[in-house]
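[1] Sequence and predicted structure are below.
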Amino acid sequence: MNKQTDRTVNNLIKDGKYEYFEAGEGTPIIILHGLMGGLSNFDGVANYFPAKGYKVVIPQLPLYTQNILKTNVKAFSKYVKDFITYKGFDRVILVGNSLGGHIALYFTKMYPERVSGLVITGSSGLYESAMGDSYPKRGDYEYIRKKAEDVFYNPAIATKEIIDEVYATVNDRIKLIKTLTIAKSAIRHNMAKDLPKMHVPTGIIWGRNDKVTPPDVAEEFNRLLPNATLYWIEECGHAAMMEHPDEFNRLLDEWLTTKAEH
C-alpha cells in the first residue's frame, strides 16, 4: 500500500491450517484484522515493534473460509485461542481493529487468563452502524468507493486497490453472505454487559473523526471497561494504524510501556 508495501502479505507463513505473519522475539503481540482489512493494514506495527522486544504475530482470520455456522464472533475467538495454543504462547497482548477488536474483546471475556493486555481501535462490540445500515449495494462501484473513503479522514487513503478489493468482496455472493452473517453476529454479541467485569489492562486508541464507530463509542468503552486508558488521534478515521501509523505506534508503545502487564 505504501513504499514498504505489504511486508506482512509477502511474508506469510503457512503452517498447518494457519496462515500468519510473524516477526521479532519477545512478548507476543497478536494482531486481529477487521472485516474488510487485510494484514497489510498493520504494516506500520509489523515494522516498528519487533525492534522493541516484541514478537508481532498477525494471523489470517478465517472470515470467509469457515463453515457458515462458524462465521461469527464467538467462533473466531475460539479460532484465535486454538492458534495461540498451537503457537505455544501462554499470555499475549491482543491488538484489534474494527471486527478484530470485537474478537479480541470476546476472547478476553472468555479467556482472561491468556491476556496480559488488550488494545482496541475502531472496535465493534457496542455500536454497529459499522455494517448494518445500507450495507452494501452490489455492483455499484461509486457507492463502494464512497463507503471505502468514509473509513478514513483523508479519503485519498482509500486507494483504487482498496476500493477494488472491497468491491470484489461484496460482488462475491458467498463472501457477501458471510459478511452479512458476521455483521449480524457482531450486533448479537454486544459487549455492554460484559465490559464492567473485564479487568485486563486495556488501551483504546481512536480516530477523532471515525464515522464508522464514532468517538462516543470510544468514550463508552472507556466508561465501561474498569482498567482502560483512552487515547485520541486527531484528523483520523476508522483505521488509525493505516492513516497515522507513526502516531498509532507511539501511543501503542506508550501504553505497552506503562500499562500492559509484562
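    Looks like it arrived, so ask away.
[2] So for whatever helix or strand residue 44 lives in, mean pLDDT?
    Assigning secondary structure by DSSP states H and E places residue 44 in helix 43-48. The average pLDDT for helix 43-48 rounds to 93.
[3] gap between the nearest residue to residue 141 once chain neighbours are set aside and residue 62?
    Spatial nearest neighbour of residue 141, excluding adjacent residues (CB to CB, 6 or more residues apart in numbering): residue 167 at 5.9 Å. In this view, the C-beta of every residue, glycine as well, is placed from N, C-alpha and C. Counting by CB to CB, to the nearest Å, the gap from residue 167 to residue 62 is 22 Å.
[4] which stretches of this structure form helices?
    7-10, 43-48, 73-87, 99-110, 129-132, 141-150, 160-170, 173-188, 215-224, 240-243, 245-258 (DSSP state H).
[5] The helix holding residue 44 - contacts with which helices or strands?
    Here helix 43-48 touches helix 7-10, strand 27-32, strand 54-59, helix 240-243, helix 245-258, going by 3 or more CB pairs under 8 Å, 6 or more residues apart in numbering; DSSP states H and E.
[6] Touching the fourth one from outside, list them.
    What that stands for is helix 240-243. Residues from elsewhere that reach helix 240-243 (CB atoms under 8 Å, 6 or more residues apart in numbering): 1, 37, 41-42, 44-45, 97, 121-122, 152-154, 157, 205-207, 233, 236-237, 247-248.
[7] now these: which count as buried?
    Among these, those buried by neighbour count (16 or more other CB atoms under 10 Å) are 37, 41-42, 44-45, 97, 121-122, 152-153, 157, 205-207, 233, 236-237, 247-248.
[8] okay, now residue 161: neighbour count?
    10 (other CB atoms under 10 Å).
[9] Also residue 55?
    Residues near residue 55, counting by other CB under 10 Å, number 18.
[10] so it makes contact with residue 30?
    No. Here residue 55 does not reach residue 30: they are 9.3 Å apart, not a contact under CB atoms under 8 Å.
[11] What is the least confident helix or strand in the protein?
    One helix or strand of the chain scores below all others by mean pLDDT, DSSP states H and E: helix 129-132, with a mean of 52.
[12] shaky segments in the stretch 51-200 of the chain?
    Where the stretch 51-200 of the chain drops to pLDDT under 70, the residues are 128-139.
[13] list the contacts for the residue nearest the centre of the chain?
    The chain has residue 97 as the residue nearest its centroid, 2.3 Å off, counting by CA atoms, centre = their mean. By CB under 8 Å, 6+ apart, the residues touching residue 97 are 32-34, 37, 41-42, 120-123, 239-241.
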